[in-house]
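Trainee: from the sequence below, what's the structure:
(one chain, ligands or ions: 1)
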Amino acid sequence: MNAHKNDFRGCPPASRRAAAARLGDVEQVLAGTLSEQARRCGRPGCRCADGEPHGPYAYFTPRPAGRGRARYVPAALAGVVRRYLRRGEQAEAVLAEISAINAELLARRELR
Ligand SMILES: [Zn+2]
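Mentor: Below you'll find the model as predicted:
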């Protein structure tokens, strides 16, 4: 476990404010996974039929499940998608931290 996550035992409101300040911009976020898949096109005589498949190609699958199926991501956008996914994970981690602080405040009957 991360040591700083327990810092809020001292002063929860100050820790909560510090965590919220770290949240930063949350416009450029994505929740999901980026995966790569090689494909066979099915054209007779293509090199992929009994050799190298095409790709790999990138696919984005949104989370939570049910928000849509995997979509092809053009190579030029794969880096952007990775950046948005990283930003989304950071934002989720900070929100979980703030939620834990608020749960502590609730346990102390200090939630306002
Ligand atoms: Zn092929």
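Trainee: double-check that residue 47 belongs to a strand.
Mentor: No: assignment of residue 47 by DSSP: H, G, I helix; E, B strand; the rest coil gives coil, placing it outside any strand.
Trainee: what pLDDT is listed against it?
Mentor: pLDDT for residue 47: 91.
Trainee: ok, residue 1 next?
Mentor: Residue 1 is assigned 44 on the pLDDT scale.
Trainee: check residue 69 too.
Mentor: Confidence score, pLDDT, at residue 69: 88.
Trainee: what helices or strands is the longest helix along the chain leaning on?
Mentor: For the chain, the helix with the greatest residue count under DSSP state H is helix 75-107. Counting contacts by 3 or more CB pairs under 8 Å, 6 or more residues apart in numbering; DSSP states H and E, helix 75-107 is packed against helix 12-23, strand 32-39, strand 54-62. No exception for glycine: its C-beta is placed from N, CA and C like everyone else's.
Trainee: any idea how far the most far-flung residue of the chain relative to its centre lies from residue 51?
Mentor: Ranked by distance from the centre of the chain (CA atoms, centre = their mean), the top residue is residue 45, with 40.4 Å. Using CB to CB, to the nearest Å, residue 45 is found at 11 Å from residue 51.
Trainee: near the ion, which residues of the protein? Just list them.
Mentor: Neighbours of the ion within the chain, by CB under 5 Å from the ion: 41, 46, 48.
Trainee: can you tell me the distance between the two ends of stretch 22-29?
Mentor: Start-to-end span of stretch 22-29 (CA to CA, to the nearest Å) is 15 Å.
Trainee: buried residues in it?
Mentor: Neighbour-count burial for stretch 22-29 flags residue 29 (criterion: 16 or more other CB atoms under 10 Å).
Trainee: pLDDT weak spots in the chain?
Mentor: Regions of the chain meeting the criterion pLDDT under 70 cover residues 1-9.
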